[in-house]
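S.K.: coordinates only, no sequence provided:
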DNA sequence: CGTCCTTATGTTTTCGTATTCATACATTAT
DNA sequence: ATAATGTATGAATACGAAAACATAAGGACG
C-alpha cells in the first residue's frame, strides 16, 4: 500500500537503510535492523515489485507457453517446472496460445517488455527461424515439442526411437499389419514418430502402406472414426499405433462398436501415459514420457540460460518407456 | 532494449512526444506522429512494461488461481476468461496452488505486490474470513467453487439444485436405491450437492442411508473401488451419483469388472460433462456446467470490480443442464 | 496591437525501489 | 594527537515511462 518512504519515516531511518534491511545487507546494526523489521511488520509493508523489478531489471518470473491447458502432458510438466522454479525463487506463469500464432506472438512480447525473464515453450506455432531469432536475445527452452535451432535449449524424448520401440512391441507380438494415427503435421514430434514407425516396419521387412498412416488432431473422436474406417475394409490392420492416448481410446471404442475385440482382433498402443489410458476398458498400452522430469530439466536449463552459463549441449533427451497393458496381446495368427 | 529517450533523440523530439504517440494522444501533429512511428518501427522499440506499470499503478494483468491445471472445468473456464480479457486489453496468467495453502498465499501476494490487478479463484484453500479480508482491499472473483462472503464476487452454478435434478432424473427412471460419491469435504460444492441429493430422496419419501454417501478425491480409482465395495454387498444400490466424471467412469468400470451391466444393473451419473464422459463405454450421463460462460461471467465481474463499479448482486448463478447418455436408463423393477 | 485561446511541443517531476556516493562517528595505528 | 581504517547511516540518483507543468507559435477578436 504505502511506499518504502513511509516505512523509513515511521522507523526514523532513511529509505536506504530500509532497503538494506529488505535485502539483508550486512551493513546494518542489529538494533536498527530489529527496529525496521518491527515497523515493516506493524505496517504490513510489502515491497512493490514493479519498483523493485524496474530497478533490478529482472522479474524472477518465467512463463510456460502451451497450446492449451489440457495439452496431455502439461499438468505434470508444470509440476516439474514449478518445483525447480520455487527452489530458485522464481514464479511460474502459464499462458495458453490456443494454437493461435498472433496470440502466441503477443504472449512472447512479455519477454521484450520485461514482464518475464524467460520462457519455456511446450509446443509452438513458431517457425524454426522465428524461434532462433527470439532465442538470440532471450532465454528460451523448448520442452517436449521442439525445433532444432542454434540458440534455444530443448528438452524432450527421442520420439523417433519411442515410436520405433512401440511398433517393435507390436511386431514382437506377431502383428504384421500395423496402422498409425499420426499427430498434426505441424508438430515436430509427428514426423519423428512416423519415421520411427517406418524404420520399425522396414527393419522387419514389412512394406509401409500409405493408407495406414493418417493424421489426427490427437482427439478421441478422430481415433474412433479412423478405427471404424480401417476395420470395415476388406483387409484391415491388426494393430494401431496412436500418437495420443485419447485417439487410442477412440480406436478401442471404435473397434468394439464394430463387434471386434481388443486386443484379440485389434491391438492398440497410445502415447503419453495420461490418466485416461487407465480409464479405458481394456486399459491401453502406451509410451510413457517422463513428464515431471521433462519439466524439471526444462526449468534447470532455463535457469542455466538465465545465469548466462552457456551449456555446450543444448538438446537434452530423457528416456521413455513402453508401458504394457491389456490393449495389446500376443497374436495367434 | 533501449529506453524511450533513445527513441526521442533519434526522432529528434522529446520523450513526452514519443509517449504521447505511444498512447495515441490527439495532441500530436500528424507529421510528427508519422516520424515517431517510423523510428519506433526502425528501432524495434518496445515500451518497458515495468516503467509504464509503475507509473500507471496498474498492470492490466490478472491471475487465475486453480488447484491444478487438470481441474476438470479449468480449460474451458480459462477460454471464457481469456476471450473477455483479451477484448478488454488484459492478459491472463494461470497459477496452480496444488492445493497447498502456503503456496496459495504466496501466489496471492502478487496482488499486494502489484504484479496483477485482480484474481479469479477457481477453488481455494482459503477460509471465508481470509478471503473476505483479502477481497476488502483487492478485486477478487470466485468462479465455480465459492465461499459466501461479503466483498468478493462469485460465479457458479446452483450446486444444490443441480444435484437435486441429477438425482431426480434417476428417481424418474424408477431407481429407489441411489448412492452418492461426494467430492472432498473441503470443497463448498460438496455440501451443496449432498444437500440436493438428500432433498431429492426425501421429497420422494426415501430414507437417506449414511453408508451410501462417501467422500472421494474426484479421481477414477476412487470411484472404481467404491462401486466394487457397494455392489458386492448383499443389498446394493441400483444407481450412483458422482461428483465428477472421472469417479463416474470409475464406477462404471468397477461395476463391469464384477460382471454387472451398466445401465441395466446399475446406473451412473457424473458431473461436469468433461471430454472423458464421452470416452467411457457406455458414455455417461452427467451434469453440464456452462464452463465457458462461467469463465466469461467471472472475467466480466472482475472487470466491473476493477473499474470500481459496485455490483449490487455479488453472487451470479448460471444454469446447469442434465445431459442424458447411455449410463442411465429406465429401471424395470 | 495586445490579449486570449488553441495547438503542438519541450522540461520536469513522479511512481517505488536499489544503489552509488557522501558523511559521520568510533576505533585503531603511528 | 593525528591520520587511517571501518562501520553505520543518509542524500542523491537511476531505472523507464507517464503525466503535470511550462512554453512557444499561430489565429481570433476586441
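M.R.: Structure received. Worth saying up front: this structure is predicted, and the values here are computed from it rather than measured. Numbers count the residues shown, from 1 in each chain, chains lettered A, B, ... in the order given.

S.K.: only C-alpha atoms for contact and neighbour calcs from this point on.
M.R.: Noted.

S.K.: the residue in the stretch 201-333 of chain A positioned nearest to DNA strand C - how many residues pack around it?
M.R.: Scanning the stretch 201-333 of chain A for the residue nearest DNA strand C gives residue A:307, at 15.5 Å (criterion: C-alpha to the nearest atom of the strand). Look at residue A:307: counted by other C-alpha atoms under 10 Å in any protein chain shown, it has 10 neighbours.

S.K.: same deal with residue A:33?
M.R.: 19.

S.K.: cool, and residue A:207?
M.R.: Count around residue A:207 with other C-alpha under 10 Å applied: 12.

S.K.: again with residue A:44
M.R.: There are 12 residues near residue A:44, going by other C-alpha under 10 Å.

S.K.: repeat that for the one 4 residues further on.
M.R.: As a burial measure, the neighbour count of residue A:48 was computed by other C-alpha under 10 Å and equals 19.

S.K.: on the pLDDT front, check it for me.
M.R.: Confidence at residue A:48, expressed as pLDDT, is 95.

S.K.: over to residue A:332?
M.R.: 66.

S.K.: which parts of chain A sit against DNA strand C?
M.R.: With the criterion set to C-alpha under 7 Å from any atom of the strand, chain A comes near DNA strand C through A:1-5, A:15-17, A:19-20, A:22-23, A:46-52, A:54-56.

S.K.: near chain B, list only the ones from those.
M.R.: With C-alpha under 8 Å from any C-alpha of the partner chain as the criterion, the residues of chain A next to DNA strand C include A:1, A:46-51, A:54 near chain B.

S.K.: who in the stretch 101-250 of chain A is up against chain B?
M.R.: So the stretch 101-250 of chain A meets chain B at A:112-115, A:220, A:249-250 (C-alpha under 8 Å from any C-alpha).

S.K.: out of those residues, flag the one nearest to residue B:146.
M.R.: Of all those, residue B:146 sits closest to residue A:115, with 30.4 Å by C-alpha to C-alpha.

S.K.: enumerate every residue touching that closest one.
M.R.: The neighbours of residue A:115, taking C-alpha atoms under 8 Å, 6 or more residues apart in numbering or on different chains as the test, are A:59, A:61, B:49-50.

S.K.: switch to 7 Å and redo it
M.R.: Listed by C-alpha atoms under 7 Å, 6 or more residues apart in numbering or on different chains, the contact set of residue A:115 reads A:59, B:49.

S.K.: sorry, back to before: between the ones next to chain B among the residues of chain A next to DNA strand C, which is closest to residue A:27?
M.R.: residue A:47 (19.9 Å).

S.K.: measure that closest one to residue B:115 for me?
M.R.: 11 Å (C-alpha to C-alpha, to the nearest Å).

S.K.: a helix runs through residue A:38, doesn't it?
M.R.: Yes - assessed with DSSP: H, G, I helix; E, B strand; the rest coil, residue A:38 lies in a helix.

S.K.: give the contact list for it.
M.R.: By C-alpha under 7 Å, 6+ apart, no residues touch residue A:38.

S.K.: if I look at it, how far off is residue A:10?
M.R.: Per C-alpha to C-alpha, residue A:38 is found 10 Å from residue A:10.

S.K.: now residue A:47
M.R.: Residue A:47 is 15 Å from residue A:10, by C-alpha to C-alpha.

S.K.: so these two - more neighbours on which side?
M.R.: Comparing residue A:47 with residue A:10 by other C-alpha under 10 Å, the one with more neighbours is residue A:47, at 18 against 14.

S.K.: leaving out chain neighbours, which residue sits closest to that one?
M.R.: Sequence neighbours aside, residue B:113 is the residue nearest to residue A:47 in space, at 6.4 Å (criterion: C-alpha to C-alpha, 6 or more residues apart in numbering or on different chains).

S.K.: in space, what's closest to residue A:43 - neighbours in sequence excluded?
M.R.: Using C-alpha to C-alpha, 6+ apart, the nearest residue to residue A:43 is residue A:7, at 7.6 Å.

S.K.: next SSE after the one helix or strand the one you found maps to?
M.R.: If you go by DSSP states H and E, residue A:7 is part of helix A:4-11. Next helix or strand after helix A:4-11 toward the C-terminus (DSSP H and E): helix A:15-22.

S.K.: any idea of the mean pLDDT in that following helix?
M.R.: 96.

S.K.: model confidence for the closest residue to DNA strand D within the stretch 51-200 of chain A, exactly?
M.R.: Here the stretch 51-200 of chain A gets closest to DNA strand D at one residue, residue A:55, 3.6 Å apart by C-alpha to the nearest atom of the strand. Residue A:55 carries a pLDDT value of 95.

S.K.: list the contacts for the most centrally placed residue in chain A?
M.R.: For chain A, residue A:122 is the residue whose C-alpha lies nearest the centre (C-alpha atoms, centre = their mean; 4.1 Å). The contact partners of residue A:122, by C-alpha under 7 Å, 6+ apart, come to A:65-66, A:142-145.

S.K.: return the member of the residues you listed nearest to residue A:284.
M.R.: Nearest to residue A:284 among the contacts of residue A:122, counting by C-alpha to C-alpha, is residue A:144 at 21.7 Å.

S.K.: so what's the closest one scoring on pLDDT?
M.R.: pLDDT at residue A:144 comes out at 96.

S.K.: same question, the one 3 residues further on
M.R.: Residue A:147 carries a pLDDT value of 93.

S.K.: how about the helix holding residue A:7, does it get close to DNA strand D?
M.R.: No - judged by C-alpha under 7 Å from any atom of the strand, helix A:4-11 stays clear of DNA strand D, getting no closer than 7.7 Å.

S.K.: what packs against that helix?
M.R.: If contacts are counted by 3 or more C-alpha pairs under 7 Å, 6 or more residues apart in numbering or on different chains; DSSP states H and E, helix A:4-11 sits against helix A:15-22, helix A:30-43.

S.K.: out of the ones you listed, which one sits most buried?
M.R.: helix A:15-22 (a mean of 17; mean count of other C-alpha atoms under 10 Å in any protein chain shown).

S.K.: mind checking if that one is in reach of DNA strand D?
M.R.: Yes - using C-alpha under 7 Å from any atom of the strand, helix A:15-22 comes into contact with DNA strand D via A:15-17.

S.K.: what does stretch A:309-321 contact?
M.R.: Residues outside stretch A:309-321 that contact it (C-alpha under 7 Å, 6+ apart): A:152-158, A:162, A:287-290.

S.K.: one more time with 6 Å, if that's ok
M.R.: For stretch A:309-321, the surrounding residues in contact (C-alpha atoms under 6 Å, 6 or more residues apart in numbering or on different chains) are A:153-157, A:287-289.

S.K.: model confidence over it, on average?
M.R.: Per-residue pLDDT over stretch A:309-321 has a mean of 90.

S.K.: and if you look at stretch A:223-234?
M.R.: For stretch A:223-234, the per-residue pLDDT averages 97.

S.K.: what do you get for stretch A:253-271?
M.R.: Averaging pLDDT along stretch A:253-271 yields 97.

S.K.: so what's residue A:316 bridging to?
M.R.: Taking DSSP bridges as the rule, residue A:316 bridges to residue A:155.

S.K.: show me chain A divided up by domain.
M.R.: A:4-47, A:59-157+A:291-318, A:159-288 (automatic domain parsing).

S.K.: need the ones you listed in JSON lines (columns: distance to residue B:183).
M.R.: As requested, these are exported to JSON lines (distance: least, C-alpha to C-alpha, whole Å):
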{"stretch": "domain A:4-47", "distance to residue B:183": "37"}
{"stretch": "domain A:59-157+A:291-318", "distance to residue B:183": "21"}
{"stretch": "domain A:159-288", "distance to residue B:183": "19"}
